[in-house]
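Novice: Build me a model from this:
(chains A and B)
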Amino acid sequence: AQSVTQLGSHVSVSEGALVLLRCNYSSSVPPYLFWYVQYPNQGLQLLLKYTSAATLVKGINGFEAEFKKSETSFHLTKPSAHMSDAAEYFCAVSEGFQKLVFGTGTRLLVSP
Amino acid sequence: DTGVSQDPRHKITKRGQNVTFRCDPISEHNRLYWYRQTLGQGPEFLTYFQNEAQLEKSRLLSDRFSAERPKGSFSTLEIQRTEQGDSAMYLCASSLELANYGYTFGSGTRLTVV
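Specialist: Got it, this is the predicted structure:
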């Protein structure tokens, strides 16, 4: 079965600093991978997805992620953090094209 | 397109009572999913429908839980004889036929069992 592991339940950065949120996947077939963001008391919003096209995927709000098969990773980055980026971020993998399996999430804290 | 709608947004119920939640998906999406999310955790899969057919149920879904999608449009999730451990955010999502397109989530229903 496919799964994802998010390293670090909390990540703290200063406004303007690089954001790096880590995700490693386990999959026996070429994976489809996703990053979602969740603001307090809201549902999840799709940031970006990897579907076996370009390995560098650009998403909304200036985020991007790179698929690295050799490292089984799909880390999320943003060059310069904004206060509005403070939220919970979830990595997910498509399992057999039937449903998404989510990681445990990483809370991003942004300080002024 | 108004996105995925869930009702109610919040529900407080006494232990032992039954509750029902509703989800209205995006109209052209034929797949509908229910997930449960507890504090500090990622969403956990409960069940999904393709049109009106319920294709998979998680082992997390005890006999007290039932979901329906009678006409392939909206769906309901019922929890009978609620327990305190049922307290969570219940998320509904919809997608086109294959999950690899990604989901569109609703805002969720937060259930508190007292």
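Novice: what pairs with the residue nearest the centre of chain B across the strands?
Specialist: Nearest residue to the geometric centre of chain B (CA atoms, centre = their mean): residue B:34, 3.3 Å. Per DSSP bridges, the residues bridged to residue B:34 are residue B:47, residue B:92.
Novice: ok now do the residue sitting nearest the centre point of chain A, which residues does it touch?
Specialist: Averaging the C-alpha coordinates of chain A gives a centre point, and the residue nearest to it by CA atoms, centre = their mean is residue A:35 (3.7 Å). Going by CB atoms under 8 Å, 6 or more residues apart in numbering or on different chains, residue A:35 touches A:21, A:23, A:46-49, A:59, A:63, A:65, A:74, A:76, A:89-92. All C-beta spots, glycine's among them, are computed from the backbone N, C-alpha and C.
Novice: Am I right that residue B:73 is in contact with residue B:26?
Specialist: No: counting by CB atoms under 8 Å, residue B:73 stays clear of residue B:26, with 10.6 Å between them.
Novice: interface residues of chain B facing chain A?
Specialist: Chain B comes close to chain A at residues B:4, B:6, B:33, B:35, B:40-45, B:48, B:55-56, B:91, B:93, B:98-100, B:102-108, B:110, as judged by CB under 8 Å from any CB of the partner chain.
Novice: Show the buried residues in the residues you listed.
Specialist: Among these, those classed as buried by neighbour count (16 or more other CB atoms under 10 Å in any protein chain shown) are B:4, B:6, B:33, B:35, B:42-45, B:48, B:91, B:93, B:99-100, B:102-108, B:110.
Novice: what about the helices in chain B?
Specialist: If you assign secondary structure with DSSP state H, chain B ends up with no helices.
Novice: hey, where'd the strands end up in it?
Specialist: Assignment of strands within chain B using DSSP state E yields the ranges B:5-7, B:10-13, B:19-24, B:31-37, B:44-50, B:53-57, B:65-68, B:75-79, B:88-95, B:104-105, B:109-113.
Novice: Show me the one of the ones you listed that comes nearest residue A:108.
Specialist: strand B:31-37 (17.5 Å; CB to CB).
Novice: roughly how far is the closest one from the heart of the chain?
Specialist: Between the centre of strand B:31-37 and the centre of its host chain there is 5 Å, according to CA atoms, centre = their mean, to the nearest Å.
Novice: Give the other helices and strands that that strand contacts.
Specialist: Helices and strands touching strand B:31-37, by 3 or more CB pairs under 8 Å, 6 or more residues apart in numbering or on different chains; DSSP states H and E, are strand A:99-102, strand B:44-50, strand B:75-79, strand B:88-95.
Novice: Can you give me the buried ones in the last one?
Specialist: Of all the residues in strand B:88-95, those buried under the rule 16+ other CB under 10 Å are B:88-95.
Novice: Give me the angle between it and strand B:44-50.
Specialist: 40 degrees (axes from the mean of the first three to the mean of the last three CA atoms, to 10 degrees).
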